[in-house]
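Asker: Have a look at this prediction, sequence included:
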Amino acid sequence: MKPRHQRMALIVGGLAILGLVATLVLNAFQSNLVFFFSPTQVAAGEAPRGKSFRIGGMVKEGSLQRQPDGVTLRFVVTDTDRDMTVAYKGILPDLFREGKGVVAQGRLAEDGVFAATEVLAKHDENYMPPEAAKAVSDAHERAASHKAAAEATARTLKP
């Protein structure tokens, strides 16, 4: 083989290996990509069906229900606008509490319950995951605008 053909074979072989590595890296990235949704977004149908995603917000007070086996439980995650029931089998983080921020990863079941495979809790008194904090603040803003519109309508209807 001539040196010119050897160089060409090395270049083609190198490009093939580079393409294979890029494909493997992008495939690994795609399979590990997990998006965050608030309960309001899930209720609006923005969450993917049949794929893993994260849901976050506050654990609703009084919603934690433990099953007799001690490791299966249900609780409600809220962004103060909408609620989503979460089913989880496993040991909860020590910092998991009702009324505190939480992010759960899993899939939406056919019955509308979020089947969590992992539950993450806040790590100190002032922390809430940024996505959950944004979802809660967005819900508060929507509620405030609805309230202001209702008050303006009530003022215009008064005799």
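Answerer: Structure's in. What do you need?
Asker: The lowest-mean-pLDDT helix or strand in the chain packs against which elements?
Answerer: Within the chain, no helix or strand scores below helix 130-157, which has a mean of 72 by mean pLDDT, DSSP states H and E. Secondary-structure packing of helix 130-157 (3 or more Cβ pairs under 8 Å, 6 or more residues apart in numbering; DSSP states H and E): helix 39-43, strand 53-59, strand 101-108. All C-beta spots, glycine's among them, are computed from the backbone N, C-alpha and C.
Asker: Report the strands that pair with the following helix or strand past the longest one, each with its relative direction.
Answerer: Right, strand 101-108. On the C-terminal side of strand 101-108, the closest following helix or strand by DSSP states H and E is strand 114-121. Here strand 114-121 has these sheet partners by DSSP bridges: strand 83-89 (parallel), strand 101-108 (antiparallel).
Asker: Comparing the ones you listed by mean pLDDT, which bottoms out?
Answerer: In terms of average pLDDT, strand 101-108 trails the rest of the strands paired with strand 114-121, at a mean of 90.
Asker: how many degrees apart are that strand and strand 53-59 in direction?
Answerer: Strand 101-108 runs at 140 degrees relative to strand 53-59, counting by axes from the mean of the first three to the mean of the last three Cα atoms, to 10 degrees.
Asker: List the buried residues in strand 101-108.
Answerer: 101-106, 108 (16 or more other Cβ atoms under 10 Å).
Asker: and which of those residues is nearest Val12?
Answerer: Nearest to Val12 among the buried residues of strand 101-108 is Gln105, at 42.3 Å by Cβ to Cβ.
Asker: tally of neighbours for the closest residue to that closest one other than its chain neighbours?
Answerer: Closest residue to Gln105 apart from its sequence neighbours, by Cβ to Cβ, 6 or more residues apart in numbering: Glu118 at 4.4 Å. With neighbours defined by other Cβ atoms under 10 Å, the count for Glu118 comes to 14.
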